[in-house]
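**Student:** My questions concern the predicted model and sequence given below.
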Amino acid sequence: MSDHPMSTDAEVESTAFTDKDRVEGEHEAASVRAVMINRPRQELYDFWRDFTNLPAFMENVKSVEITGEASSWLIAGPAGVEIELVSEITEDRPGEYIAWRSLEESDIDHEGWVEFRDNAFGRGTEVRVFISYDPPAGTVGKVVAKVMQREPRVQARRELRRFKQLMETGEIPTSKVPDAAPRADRHF
């Protein structure tokens, strides 16, 4: 993590499980990522809990639809493949923690949680995300996804960085150069 929790250049790290975090996923791939965000815990939780906000910082999430107790996420997978994740919340502690797992109709068997903790030094909130899943097409699918930068663990690191940027600055910097509008004074 950064020595400067107030900075907006997010450093997202993998976190090793400790004994109190014995939540190893039952799936082929699992990871925990964490980032410090200089915003109140409740504000971060509220933004995340409205799942329709997630496409604002999750590049691979094309849309989220809430249907009763379930949510359906349309995800951009490797090589242009679209993947539907259908999940239900298994635990929700307002302001602190949201856990989910896939439902039978999901394209990928998955589970995870996001946790919001006050920083011990009173500066911001630590956000930790756990993801466990079975990659499509098994290990081969995981390798292809990683090469295409769509592997969920790689994506989680980027998404947490983008979440930090959005919550601290109100925007996510992009490297896209806007198309130059033709100027009337140009003569070709």
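**Tutor:** Okay, I see it.

**Student:** Summarise which helices and strands the longest strand seen in the chain is packed against.
**Tutor:** The longest strand of the chain (DSSP state E) is strand 82-93. If you count contacts as 3 or more Cβ pairs under 8 Å, 6 or more residues apart in numbering; DSSP states H and E, strand 82-93 packs onto strand 70-76, strand 97-102, strand 110-118. No exception for glycine: its C-beta is placed from N, CA and C like everyone else's.

**Student:** 10 Å instead, please
**Tutor:** Judged by 3 or more Cβ pairs under 10 Å, 6 or more residues apart in numbering; DSSP states H and E, strand 82-93 is in contact with helix 41-49, strand 61-67, strand 70-76, strand 97-102, strand 110-118.

**Student:** ok now do residue 127, which residues does it touch?
**Tutor:** Taking Cβ atoms under 10 Å, 6 or more residues apart in numbering, we find residue 127 in contact with 12, 33-37, 39, 41, 44-45, 48, 114-117, 160, 163-164, 167.

**Student:** what about residue 71, neighbour count?
**Tutor:** 19 (other Cβ atoms under 10 Å).

**Student:** same deal with the one 4 residues further on?
**Tutor:** By the criterion of other Cβ under 10 Å, residue 75 has 20 neighbours.

**Student:** who touches it in this structure?
**Tutor:** 58, 60-64, 81-85, 107-108, 150, 152, 155.
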